[in-house]
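**Student:** need a structure here:
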Amino acid sequence: MPFHLHFDESDLLRCRFALSPIGETQAAVRVLARPERQGYHLPWLRRIRHAAAGLDLGPLWLLMNERGHSPDFFCPPPLGPLTSFEEEIAGVRAVDPALAREDIAWALSDRPGALDSAAGQAMLADPARTVRELADLLELAWRALIEPHWPRLRALLEADVAYHSRRLAAVGFERLLSELSPQLSWADSTLTIARTAGRHSRVLGGQGLVLMPSVFAWPNVVGGFEAPWLPAVIYPARGIGGLWTEPGDRTPDVLARLLGRARADVLCALDEPAGTSALAHRLGLAPSSVSEHLSVLRSAGLLTSRRYGHQVLYERTPLGIALAVSQPQPHAP
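**Tutor:** You can find the predicted model right below:
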């Protein structure tokens, strides 16, 4: 069934983008349980295999319905654009147990047999303890599954936000929505999300909408969130197909001979805009070395730079794009 979000003029003025470390954590936990969503993330799955084996994710999986409601309280939309995991998990730990119990009961009732199971009844019997245990488990999942890779994930998510912020300015809100996902459509001041779970309508009432890119949400769009949580739409981020590919694997040899291997790797790593720290982490280079390479590439007309939030993002110019995707041409016979 589609989900409808009804806007007024004040809601359109309060739409914004945000990133959610805890949202990526719970989405990654979902991916572990659903092989059909793992195709883009096989390198990541190999890297976290042993860490994931040490986690008992059963309590989270019990509440993570594919076609029904999943609790909003353990992945609430962030209040700010760059909220840290520590801030988000503190919010989960502080949730009202009565509100959490209602959220949990709804999720359990949407999974056949879960509400009457021993595990489900234990969750409902002591919701304060359940909130503590779920928060502890989410924190363990963050440390094991996401935190070691967060600079890479954050760079892609920030690049998505930067790109779509420019598209919003260029094409407007209605067209932007269709570019975010074919599951999103706009008509008569209403955003419709196709094939989503939960209730089927919400009036925003001046709260606006939080737009959140996700590495692990593909191919789904998640929409809604019940009061008191902010209304939000989680959509698949751009560029996940190359997320786990090492930049050096994509660098043409001819470009490495022209620019030098390290400088060519920096240029080829910029499929999406990124900052110095993210590139340094991804390439295994010192930030000072990456900064020097970026400066030379920008001076040569291969990169441009602009400030986004707390950092400077670099992206390729048309000339830089042409060089980065260059391939040796065969000799004429």
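**Student:** my read is Arg111 is in a helix, agree?
**Tutor:** No. If the criterion is DSSP: H, G, I helix; E, B strand; the rest coil, then Arg111 is coil and not within a helix.
**Student:** so which helix or strand takes in the closest residue to it other than its chain neighbours?
**Tutor:** What sits nearest to Arg111 in space, not counting adjacent residues and going by Cβ to Cβ, 6 or more residues apart in numbering, is Asn65, at 5.5 Å. For the C-beta atoms, the positions are set from N, CA and C on the backbone; glycine is no exception. Using DSSP states H and E, Asn65 falls within no helix or strand.
**Student:** Could you do Arg67 as well?
**Tutor:** Here Arg67 is assigned to no helix or strand, by DSSP H and E.
**Student:** Helices of the stretch 1-150 of the chain, start to end?
**Tutor:** Secondary structure of the stretch 1-150 of the chain by DSSP state H, counting those that start in this stretch: the helices cover 9-13, 21-33, 42-47, 49-53, 58-63, 85-93, 97-109, 118-125, 127-141, 150-171.
**Student:** Could you dump these into TSV and include mean pLDDT, distance to Trp186 and mean neighbour count?
**Tutor:** Listed next are the helices of the stretch 1-150 of the chain as TSV, based on pLDDT from 0 to 100; distance: least, Cβ to Cβ, whole Å; neighbours: other Cβ atoms under 10 Å:
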stretch	mean pLDDT	distance to Trp186	mean neighbour count
helix 9-13	89	11	13
helix 21-33	95	23	23
helix 42-47	93	33	14
helix 49-53	94	39	11
helix 58-63	95	31	18
helix 85-93	95	29	17
helix 97-109	95	28	19
helix 118-125	96	38	14
helix 127-141	97	33	18
helix 150-171	87	12	19
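**Student:** Relative to Leu209, which of these is closest?
**Tutor:** helix 9-13 (6.6 Å; Cβ to Cβ).
**Student:** got the contact list for that closest one?
**Tutor:** With contacts defined as Cβ atoms under 8 Å, 6 or more residues apart in numbering, helix 9-13 is touched by Phe173, Leu204, Gly205, Gly206, Gln207, Gly208, Leu209.
**Student:** Dihedrals phi and psi, the residue nearest the centre of the chain?
**Tutor:** Geometric centre of the chain, nearest residue: Ser214, 2.0 Å, by Cα atoms, centre = their mean. Backbone torsions of Ser214, given as degrees, to the nearest 10, read phi -140, psi 140.
**Student:** same deal with Ala187?
**Tutor:** Here Ala187 shows phi and psi, under degrees, to the nearest 10, equal to phi -160, psi 140.
**Student:** Check the one 3 residues further on too.
**Tutor:** Geometry field for Thr190 lists phi and psi as phi -130, psi 130, criterion degrees, to the nearest 10.
**Student:** Show the contacting residues for it.
**Tutor:** Applying Cβ under 8 Å, 6+ apart, we find Thr190 in contact with His4, Leu5, His6, Phe7.
**Student:** Alright, calling it a day.
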